[in-house]
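Engineer: how would this look folded up:
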Amino acid sequence: MSELFANLYLDEDVSPLVAKLIRSRGLVAISSQEANRNGMSDLQQLLFAAERRMAILSHNRADFEKLAADFLRDNRHHSGIIISVRRTPHQIAGRLLELLNHVSADEMDDQVYYI
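Structural biologist: Just a heads-up that it's a prediction; the model follows:
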């Protein structure tokens, strides 16, 4: 069954407040802090998100661009990678909501988005 809105997993470098702001709009979002996953590698974070059909949000552009390329090369799949420059949690949440209103969960699969 297709999902309209992607579920989100926030890497540990993203403020947990972003997850709370997204949840306040009725969407699913969890931070690495809430999932007790701080200190895991970027690959472990991406695999955790992919196993749960969640797009991952990070500020770590270089590592996640490389992981996306590795996944493509190895014919592995993820549920989307969203890369954000550092902004306030409210600005990031606003940009996320705009993206989620224009891109379905299925469209996010195996893609990298920049907000």
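Engineer: angles on the backbone of the most centrally placed residue in the chain, please.
Structural biologist: Residue closest to the average C-alpha location in the chain (Cα atoms, centre = their mean): Ile56, at 1.9 Å. When read as degrees, to the nearest 10, the backbone of Ile56 gives phi -100, psi 140.
Engineer: next one: Leu57
Structural biologist: Dihedral angles of Leu57 (phi, psi; degrees, to the nearest 10) stand at phi -110, psi 130.
Engineer: was I right about it contacting Arg95?
Structural biologist: No. The criterion here is Cβ atoms under 8 Å, and Leu57 misses it with Arg95 at 10.0 Å. Yep, even glycine has a C-beta here, placed from its N, CA and C like the rest.
Engineer: among those two, which residue is more densely surrounded?
Structural biologist: Set Leu57 next to Arg95 and count neighbours by other Cβ atoms under 10 Å: Leu57 wins out with 28 against 18.
Engineer: what's the pLDDT at that one?
Structural biologist: Per-residue pLDDT puts Leu57 at 98.
Engineer: understood, closing this out.
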